[in-house]
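Chemist: here is a sequence together with a model predicted from it:
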Amino acid sequence: MTRYPPLDLTGASVAITGGAQGIGRATAIAFARRGARVAIGDLDFDLARKTAAELDGTAHRLDVGDPESFRVFLAEAAAHGELAVLVNNAGIMPNGGFLDLDERTNRLMIEVNLFGVVHGMRLALPGMLARGRGHIVNVASLAGKFPVPGLAMYNASKFAVVGLSAATRREYAAHGVSISTVLPSAVDTGLSSGLDMRPIPKVQPEDIARAVLGSVRSRRAEIAVPGYVGGLAALAAITPEPLLNAVRRLVRDDRALRPDSPDRQAYRSRIGEQEAG
């Protein structure tokens, strides 16, 4: 196993995308409690300011799909010292049949979920490599290992993040910079609001925050939350398709294809506003 230079979080600069609420907010709180200087980037600048005020952090308007917006965010985050940790957390999850989602929604999903990670890594890595230390955490999803009907494009974006993280981890391990991927199951946030994902376990944002924070010490390549779902995904990958499909039918894994609940409709409306913006 590669031995990475240790990172002292006391006074360290940590940047978190999508940090105003949900997983990002819980992660910001976890890092702040360890003494880090936390920069919160989010499209919702007012909410980012409210969250930042709670933990003596800084708030920044961030569109992860825009490289220039990301560049400004990281430059501002490093104003109090070199960037030690970047958490690529921002993401969206519109659901629906593959042929039912429109092109704008599909492109936005790839821009945010994949290129939001790509932009952050391309901007943060050069400085980390020059210093010979640093850590990047890409918050992907169990959906990056396990396909779900009704989430085809979301699956595509998260499978891509898992592959990107694994390949770049190998590229830069010898240079002291680590890249970890966190793979949550369904999380109790707005992202999955109104979706019945049973039997996939639903976890809390604080569970993911602990995994992200823990990765700074362990530097593990992949961290599933809860831990056992990673093993189940690996098992599913080697299970004969007829048997796997029978289990899927038994647990009704096509719930994401069903008509949206009011909560889900509200989430989709917010995504629509983001597309229009």
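Modeler: Arrived safely, thanks for sending.

Chemist: just the strands in the stretch 151-277 of the chain please.
Modeler: Taking DSSP state E, counting those that start in this stretch to define them, one finds strands in the stretch 151-277 of the chain at 177-184, 186-187, 202-203, 222-225.

Chemist: closest one to residue 156 among those?
Modeler: strand 177-184 (15.6 Å; C-beta to C-beta). In this view, the C-beta of every residue, glycine as well, is placed from N, C-alpha and C.

Chemist: helices or strands up against the closest one?
Modeler: helix 116-131, strand 134-139, helix 152-172, helix 205-218, strand 222-225, helix 228-238 (3 or more C-beta pairs under 8 Å, 6 or more residues apart in numbering; DSSP states H and E).

Chemist: deepest-packed of these, please.
Modeler: Most buried of the helices and strands packed on strand 177-184, by mean neighbour count (mean count of other C-beta atoms under 10 Å): strand 134-139, with a mean of 26.

Chemist: what about that strand, distance to the chain center?
Modeler: In terms of C-alpha atoms, centre = their mean, to the nearest Å, the centre of strand 134-139 is set 10 Å apart from its chain centre.

Chemist: check stretch 54-67 too.
Modeler: Taking C-alpha atoms, centre = their mean, the mean C-alpha location of stretch 54-67 is offset from the chain mean by 15 Å.

Chemist: returning to that earlier point: any chance of the helices and strands packed on strand 177-184 in JSON lines, with distance to residue 178 too?
Modeler: Shown next, in JSON lines, are those (distance: least, C-beta to C-beta, whole Å):
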{"stretch": "helix 116-131", "distance to residue 178": "9"}
{"stretch": "strand 134-139", "distance to residue 178": "5"}
{"stretch": "helix 152-172", "distance to residue 178": "7"}
{"stretch": "helix 205-218", "distance to residue 178": "8"}
{"stretch": "strand 222-225", "distance to residue 178": "12"}
{"stretch": "helix 228-238", "distance to residue 178": "18"}
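
Chemist: so which of those gets nearest residue 95?
Modeler: helix 152-172 (7.4 Å).

Chemist: just the CA trace of the closest one, in PDB.
Modeler: Extracted in PDB, the C-alpha atoms of helix 152-172 (Å, rounded to 0.1, in the frame of the first residue of the first chain):
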ATOM      1  CA  ALA A 152     -29.600   5.300 -16.300                       C
ATOM      2  CA  MET A 153     -27.900   8.700 -16.800                       C
ATOM      3  CA  TYR A 154     -27.200   9.100 -13.100                       C
ATOM      4  CA  ASN A 155     -25.600   5.600 -13.200                       C
ATOM      5  CA  ALA A 156     -23.500   6.700 -16.200                       C
ATOM      6  CA  SER A 157     -22.200   9.800 -14.500                       C
ATOM      7  CA  LYS A 158     -21.300   8.000 -11.300                       C
ATOM      8  CA  PHE A 159     -19.700   5.000 -13.100                       C
ATOM      9  CA  ALA A 160     -17.600   7.500 -14.800                       C
ATOM     10  CA  VAL A 161     -16.500   9.200 -11.500                       C
ATOM     11  CA  VAL A 162     -15.600   5.800 -10.100                       C
ATOM     12  CA  GLY A 163     -13.400   5.000 -13.100                       C
ATOM     13  CA  LEU A 164     -11.900   8.500 -13.200                       C
ATOM     14  CA  SER A 165     -11.000   8.300  -9.500                       C
ATOM     15  CA  ALA A 166      -9.400   4.900  -9.700                       C
ATOM     16  CA  ALA A 167      -7.300   5.700 -12.800                       C
ATOM     17  CA  THR A 168      -6.100   9.100 -11.500                       C
ATOM     18  CA  ARG A 169      -5.400   7.500  -8.100                       C
ATOM     19  CA  ARG A 170      -2.900   5.200  -9.800                       C
ATOM     20  CA  GLU A 171      -1.400   8.100 -11.800                       C
ATOM     21  CA  TYR A 172      -0.600  10.300  -8.800                       C
END
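
Chemist: sweet, I'm off.
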